[in-house]
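> Return a 3D structure for these sequence lines:
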Amino acid sequence: MKKMTFTALVLASALAMSACGSSEPAKGTAGGGGTTEVTVGTLPILPTAAIMLGMDKGFFAKEGLDVKLETGQGGAALVPAVMSGQMQFATGNPISLLQARDKGLDVRVVSSYTYDTDKGVHAVLTRPDSGIKTAKDLVGKKVAVNTLKSMGDLLIMDAVKKDGGDPKAVSFVELPYPNMEAALKSGQVDAVWTPEPFMTIIRKADNPVVTYPGVASVKGHPTMVYFASGTLVKSKPELVSAMAKAINVTMDYA
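Numbers count the residues shown, from 1 in each chain. Just a heads-up that it's a prediction; the model follows:
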């Protein structure tokens, strides 16, 4: 059997998992005329601000949802909370969910978003004096990502390979996004991988972009998904449908 490339694997798997998600209008409100409280796990990145905007605009309340936000470091860390019922929904990247599925966990995509831009929504940045100019220059260097063995390191390794470098020779360190600028400045790491708003903050400190790995590796790939447990999808389909509608309306508005 012909092996799938990294690009094909990510896109095909993400699309397959997204089959249960929908942007179709919800058939009814989550609470049947009342209000249902839901906890949503988020990351300290720009899309969370969009969700807060949607809450302020009443998009979730219109669907009968009273949303409470809790912040995590990465999608992989939020999966256990969703599976245990501690959170009803959470956000992450497709890789985290593929890994969860591979472990036998029944996670379902509620809504997914693709940012198809030339610059991308996440970048690898370095110090101006690092000598790192392109992706292949990351070989032998230490790069910070928010979670190991997830979207960050996979995309970076693919970008390095396509630039003629050895992806296995890149060293990755796990750091929360808010800590990356200080780690870069102190020399704890040689480069960092981060989305907005930290990408702009770090660039404003005169730290150049090395590569936009999402564009270099798989331009147009799904970058963010909202997910729930299979148990919740089966037991409360109207709740899930209402959440999907509210998220889609919110993201389109934002």
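> When you work out contacts or count neighbours from here on, use the C-alpha atoms and nothing else.
OK.
> which sections of the stretch 51-200 of the chain are below the confidence cut-off?
In the predicted model, the stretch 51-200 of the chain carries pLDDT under 70 at residues 73-76, 115-117.
> What segments of the protein are helices?
6-17, 46-57, 59-62, 75-84, 94-102, 151-162, 180-186, 198-204, 213-218, 230-235, 237-253 (DSSP state H).
> Between those helices, which one is closest to D118.
helix 213-218 (6.5 Å; Cα to Cα).
> counting contacts, what elements does that closest one pack onto?
Applying 3 or more Cα pairs under 8 Å, 6 or more residues apart in numbering; DSSP states H and E, we find helix 213-218 packed against strand 122-126, helix 151-162.
> Show me what the first one pairs with in its sheet, parallel or antiparallel.
To tie it back to what came earlier, the one meant is strand 122-126. As defined by DSSP bridges, the strand partners of strand 122-126 come to strand 191-195 (antiparallel), strand 209-211 (antiparallel).
> Mind checking the helices of the chain for the one nearest to V173?
helix 151-162 (9.5 Å).
> Nearest to the spatial middle of the chain, which residue is it?
Residue closest to the average C-alpha location in the chain (Cα atoms, centre = their mean): N93, at 3.5 Å.
> For that residue, which non-adjacent residue is spatially closest?
In space, and not counting its chain neighbours, N93 is closest to M224: 4.8 Å by Cα to Cα, 6 or more residues apart in numbering.
> before we move on, what about V173?
Per Cα to Cα, 6+ apart, closest to V173 is A144, 4.7 Å.
> Next, count neighbours for that neighbour.
28 (other Cα atoms under 10 Å).
> That one and A182 touch, don't they?
No - applying Cα atoms under 8 Å, one finds A144 not in contact with A182, separated by 11.4 Å.
> tell me the contacts of V145?
Contact analysis of V145 by Cα atoms under 8 Å, 6 or more residues apart in numbering lists 152-153, 172-177, 192-194.
> Look up how far G104 lies from it.
Relative to G104, V145 is positioned 25 Å away (Cα to Cα, to the nearest Å).
> And G152, by the same measure?
In terms of Cα to Cα, G152 sits 23 Å off from G104.
> Can you get me a residue count around D206?
Neighbour count for D206, taken as other Cα under 10 Å: 12.
> Apart from its chain neighbours, what residue comes closest to it?
Nearest one to D206, counting by Cα to Cα, 6+ apart, is P128 at 6.9 Å.
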